[in-house]
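1. Sequence and predicted structure below; questions after.
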Amino acid sequence: MWKYVGKRLCSSMVTIFVLVTITFFLIRCMPGNPFQTENLSPQVLQAMEKEYGLDQPIFSQYLVYLRNFLQGDLGISYRKQGVSVTEVIGRALPITLLLGGLSLAVALIFGILLGILQAVSGKKRVHGICTILEGIGTGIPNFVMALLLLLLFGVQWHLFPTVGITSVRHLVLPVISLSIYPMMNIARYTYGEVRTQLQQEYVTFARMKRFPTSYLIYHHVLRNCIPKILHFIGPMAAFLLTGSFVVESIYTIPGLGREFVNAIGNRDYTMIMGLTVFMGSVVILVQFVLDMICVVIDPRVRASLGE
Amino acid sequence: MVHEVIWKNRTKIRTKIRIKIPIKKPIKKQTYKLILGAMLLTGLVILAAVGPSLSVFSYEQQDIAAKNVLFTPDHIMGTDKFGRDLFVRICMGIRISMQVGIYSTVVNLLLGGVLGAIAGYYGGRVDTLCMRLADVISAIPSMLYMVLIMLILETRMTGMILGLCVSGWVGIARVVRGEMLRLRQSDYCIAARMGGIREGRIIRKQLLPNMRDTILRNITYMIPQAIFAESFLSFVGIGLSAPLASLGTMIQEARSQINLYPLQMVYPIAGLCMIIFAFQLLGSGLEEGLLQNNVNRQGRDSLPRERPAIMSMLTKTGTNRLAVEDLNIELRQARQDGRKRVLSHVSFSVEAGEIFGIVGESGAGKSICMKAIKGILPSWSMQSGKILVDTSDVAMIFQDTNGCLNPTMKIGQQLIETIIRNEKCGKKEAERRAVELLDSVGITNPVSCMGKYPFTCSGGMRQRVVIAIALACNTRILIADEPTASLDVTVQLQIMQVLMKVVKERGLTLILVSHDIGLITKMCQRMMIMRQGRVVEEGCVEDLCREPKDAYTRTLLENSRYENYQIPRVQRDAVSSEKQILFQMEHVWKQFGSIDGGLRDVSLRIRYGDLYCLVGESGSGKTTLGRILLGLLPIDRGEVWADMDSHLCRVDQLDRKGKKRLWHDTQMIFQDPYGALNPALTVWCALREGADTHKVQHVLRQVGLDEELWNRYPRELSGGQCQRVCIARALLTEPQFLLCDEPTSALDATARREIIELLCRIKKEKNLTYLFITHDMQLVRQISNRVGILYDGTLVEEGPTEQIMAEPWHPYTRELLQTVCTTEKSGEKWKSKMTYQKQILEKGKQHRCLYEGTCRYETEQCRNEVPDCYSYGSRRVSCFLYTEGMLSSRQEGQAVRG
């Protein structure tokens, strides 16, 4: 088992390394000089390039960047003078984490419940309504969802505030618009999983033991579904991250996503690079943690690792 | 004593009458989604193509006179803040979205398809490399890449498509690779390769048609995803920017005026959602269609669901414990709107304490009848008639021991929860009873067994646990639905003994369902024979055996005995040992990591004209041995020789050409006749692949397949007919050698007899050599002249069939033969003696006899050394009992016996 953990950790590290490398060289491929637009004199430009180390050969720049990355230094913003990327992350991360964590929790809880409801309910109407909800939830892109909610609840009916993040009420609309897409995806996936499990012979056999359905679902079926649903959270976390780009900029929340979109708008390359690397690493690490959780809770996985 | 603890004496016998009334309407075809999706999509395509030319304005033309208008005859959807016509812009937006979606999907499909196919086709290092690459790429959020690439390539269509393709191909590559691997290892693909068909033709005819469905389904998911991403990027401001009218850009532009002109935003949003919904509908319609197709193909029903039944209580004090009166069951067919009657007018009754047997071939309606009694029919069945039984007084044991137990729950837990539920006792008490129960079903170490997960136990152990759980339900009626069909021969006997013991001890009523009339006649007092949903005959076992009234019963009884087979005798005994060698294996080793099915130091010879039988339990390496002989699997160590044009060649060193030549002379017949035929080709097409028309006609007549069946698909044939087609295909290349890998284990008794007779007839006519893999000792006795017995990858004994049958040497052979002898004795009823579950030692230890731990004769030597193969005349055995040192004591024993 420890061998597997080590192996998985190594592959995560390699993936992060590849991410850093690709990001670095892609950014260097971008057209134009970062300071071109500012109408600077050639002397100042040269001084600036020297300050940011841009006069070095590209490979040594890369090595420097790698070394800094390992030390947790992601560079200094080109646009905001003297502000380092790590500072920006430190400021914006708690907000994004709060938003993302809440959304993930909401998506998981309601998604799983909805999926189970759909799978267990024998009524055609319940099934139909669930299917339609899932269709709508996964069919509408999250930025559209955010705008629609803003339009209806914020602009038309004035039910919730739409700007900033100062109270709990401020959180309602962003969390809903961020969580609906993953929620419906999880619901659809859970439904499929639970349905397949219900067809298994062990459920028929457990029914024979005179257990009510709720007990069956909770003690037998979910136990077998959870590892698979956990695997699904990885991609969902990535969705939440990219979703936060638009949701945060639409509701003007000062989180990572908004910083990223602003950086794109400003063509602030170090910022884009730093945020890309950071967010990519977060997703990779989340996937790693989920895999480890699966090892702990699923005896079959443990057995296949030769324990 | 045990049963008294658990068994609560009930004084009153309550019987409930359950009457079921057909409630549900037939399932509708799920095609409406497909039609709706296609209609919506066609509408959108027409709009995108024709829309812009309907208006006098172009999409970037600014009508300064009319900014932000809502509705005018010129601008039916109004204009935006620059005075551009919204209708035209939305049509353009839809066009761009579709273009992006379709182009990027095409590129992804090509890229992913090619890479996946290469990875799946070549396997090995190329495969590992491709998949590692895919892993790394898919681990990084794709949207981040897209942002970066769009920043580099700026706002152009090609850039957009390229950006979408960075990670889009990974999914399709995985799918294609998986399918490729699965299909390449399928039996029909192996058969096609062995039939000498060219690789390109195999890919075109065998692989692609079977992959089409999966790829199609993936496409309908990829297109909306691409559209989704494109509009997202445009919205963020790095996609296609003005003046190009992308829907995302339009939404972004309208955002600044959201308070004043919300409609400007609603239109593009509606357009975007329509496109995505259209593809979603198409995709899910397609998926449901395919799902049902597959269900139909396999002919399986699924989703057993306990239905709410209308119950009326009736107290009755008769001894009639279970009665079924005029039971009819119909299943709705998903595809043809009709219904299929699976049971008609079934009536029978089972007395308390009786052991009642139900016999029938597959499709006879046995299982569905039992499910009706227990009340767990699939939800789309309709039922009429009466079942007089208290459902909660019925426990059931199923065939599939692996599926029955929850894989993620410890055995003890599953047993304890049952006891707590049915006994209403505390946890401590339940634990104690669980141990007692496990002990009563013959598990040697109940406490350690309780801490195990089901998948770590052997099949026999699991079936014992299942019996224990069924007992814990504390019912008085036990239904055993083919309880031993999926177990090995030696274990089958033990399980039947356990079952009989507990039934007798507790005075349960047992309904035993089996396809094996021999088993039923031995176990039961009364039996019922079913055929195609009807009761053929019912009565006392002795009467039915002595003078069956119905012709079907007679054939069943006849076919169950191998002695009745009309088989041309194989030339037996010593003569064959002088014939030329066809195949030879010398000290072959093959390991699959920790998985069963490898070989350890196996040597054997097959001579011309032999019918060599290979016997062994599942996982003992029989199939592996066969495939190694034909060069389908590489070996780790050792030598494999085959006679090619009258000189021996190393099979394990043959190149592509050599293998082709080898396969021309050797063919294979597979266990699963349905899996061995390509589901996408008719019988005729499948055979025409490798030969000309005359030859195909000839072989099909030779195997006795009716001409009307020639144009059918495999799923429309019965198992026996499919197996005939497989034999015909094998005969196409006029081989000298046939490898029959359990050709009859998936067939009913009647079909089995036909296939065995056919195979033996062909052998005689064409003077072929067979390697026949089986687990059935009776069959071996009837057909073969030489037999080899495999145990856990070792050939423990080998020799002429008659000698081994008369005097088995190896303890394992003895045990195998014993099971046959016990089941063969007729008239004598079952003894309630019971064998305990044998302990399985950890497999890690290398230097020991593999049979050690299960063997009755084991000595110190067995635990520390691996026995060699000792030869005596034409027999070989690998057991220390037959070393030179033991010779004297063996002779002594013979003298005493003799």
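-> The structure has been received and is ready for your questions.
2. Which one of the residues in the stretch 151-300 of chain A is closest to chain B?
-> Closest contact between the stretch 151-300 of chain A and chain B, by CB to the nearest CB, is at residue A:201 (3.4 Å). Every residue, glycine included, has its C-beta placed from N, CA and C.
3. what's near enough to touch the closest residue to that residue other than its chain neighbours?
-> Nearest non-adjacent residue to residue A:201, counting by CB to CB, 6 or more residues apart in numbering or on different chains: residue B:403, 3.4 Å away. By CB atoms under 8 Å, 6 or more residues apart in numbering or on different chains, residue B:403 lies in contact with A:200, A:201, A:202.
4. secondary structure element for residue B:403?
-> helix B:401-404 (DSSP states H and E).
5. In that helix, which of the residues would be classed as buried?
-> The neighbour-count check on helix B:401-404 (16 or more other CB atoms under 10 Å in any protein chain shown) flags B:401, B:403, B:404 as buried.
6. And stretch B:796-808, by the same measure?
-> B:796, B:797, B:798, B:799, B:800, B:801, B:803, B:804, B:805, B:808.
7. Dump those to a markdown table, plus pLDDT.
-> Formatted as a markdown table, the buried residues of stretch B:796-808 follow (pLDDT from 0 to 100):
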| residue | pLDDT |
| --- | --- |
| B:796 | 87 |
| B:797 | 89 |
| B:798 | 89 |
| B:799 | 88 |
| B:800 | 88 |
| B:801 | 86 |
| B:803 | 85 |
| B:804 | 87 |
| B:805 | 86 |
| B:808 | 85 |
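8. So which of those residues belong to strands?
-> Among the buried residues of stretch B:796-808, DSSP state E puts B:796, B:797, B:798, B:799, B:800 in strands.
9. Nearest to residue B:687, out of the residues you listed: which one, please.
-> Nearest to residue B:687, judged by CB to CB, of those is residue B:798 at 36.0 Å.
10. On the pLDDT front, check residue B:379 for me.
-> Per-residue pLDDT puts residue B:379 at 63.
11. Let me fix that, I meant to ask about residue B:669.
-> For residue B:669, pLDDT reads 91.
12. Please tell me I have it right and it contacts residue B:725.
-> No: Residue B:669 is not in contact with residue B:725 according to CB atoms under 8 Å; the separation is 10.6 Å.
13. Show me which parts of the host helix or strand of residue B:599 are buried, residue by residue.
-> Using DSSP H and E, residue B:599 maps to strand B:595-607. Of the residues in strand B:595-607, B:597, B:598, B:599, B:600, B:601, B:602, B:604, B:605, B:606, B:607 count as buried by neighbour count, 16+ other CB under 10 Å.
14. that older thread, next up, the contacts around the residue of the stretch 151-300 of chain A closest to chain B.
-> Taking CB under 8 Å, 6+ apart as the test, what residue A:201 contacts is B:398, B:400, B:403, B:404.
15. Format the CA atom coordinates belonging to the next helix-or-strand element following the strand holding residue B:599 as CSV.
-> As assigned by DSSP H and E, the chain's next helix or strand after strand B:595-607 is strand B:611-615. Output in CSV follows, covering the C-alpha atoms of strand B:611-615 (Å, rounded to 0.1, in the frame of the first residue of the first chain):
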residue,chain,number,x,y,z
LEU,B,611,-8.3,-37.2,-27.8
TYR,B,612,-6.4,-35.7,-24.9
CYS,B,613,-8.6,-34.4,-22.0
LEU,B,614,-7.3,-31.8,-19.7
VAL,B,615,-9.2,-31.7,-16.4
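16. And the contacts of strand B:611-615?
-> Contacts of strand B:611-615 (CB under 8 Å, 6+ apart): B:570, B:604, B:606, B:622, B:625-626, B:763, B:769-777, B:779-780, B:783-790, B:801, B:816.
17. Could you check how far the nearest residue to residue B:710 once chain neighbours are set aside is from chain A?
-> Closest residue in space to residue B:710, ignoring its immediate chain neighbours: residue B:684 at 4.8 Å, by CB to CB, 6+ apart. Distance from residue B:684 to chain A, counting by CB to the nearest CB, to the nearest Å: 36 Å.
18. And the pLDDT at residue 216?
-> Using chain A. Value for residue A:216, per-residue pLDDT: 84.
19. The intended chain is chain B.
-> At residue B:216, pLDDT is 82.
20. Does it touch residue B:286 like I think?
-> Yes: under the criterion of CB under 8 Å, residue B:216 makes contact with residue B:286 at 6.5 Å.
21. the more surrounded of the two?
-> residue B:286 (20 against 14; other CB atoms under 10 Å in any protein chain shown).
22. The more buried one: what's it in contact with?
-> Per CB under 8 Å, 6+ apart, neighbours of residue B:286: B:34, B:216, B:217, B:220.
23. how many neighbours does residue A:164 have?
-> So residue A:164, with other CB under 10 Å, has 11 neighbours.
24. Residues of the stretch 101-250 of chain A that sit close to chain B?
-> A:122, A:135, A:138-141, A:143-144, A:147-148, A:150-151, A:155-156, A:195, A:198-202, A:204-211, A:219-220, A:223-224, A:238, A:241-242, A:245-246, A:250 (CB under 8 Å from any CB of the partner chain).
25. quick one, what contacts residue 143?
-> Because you didn't say which chain, this covers chain A. A:246, A:247, A:250, B:231, B:232, B:235, B:251.
26. meant chain B actually
-> A:238, A:242, A:245, B:229, B:232.
27. Could I get those in TSV, plus columns for pLDDT?
-> TSV is the format used below for those (pLDDT from 0 to 100):
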residue	pLDDT
A:238	79
A:242	77
A:245	82
B:229	84
B:232	84
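28. between those residues, which is closest to residue A:190?
-> Taking the contacts of residue B:143 together and measuring to residue A:190 by CB to CB, the closest member is residue A:238, at 18.8 Å.
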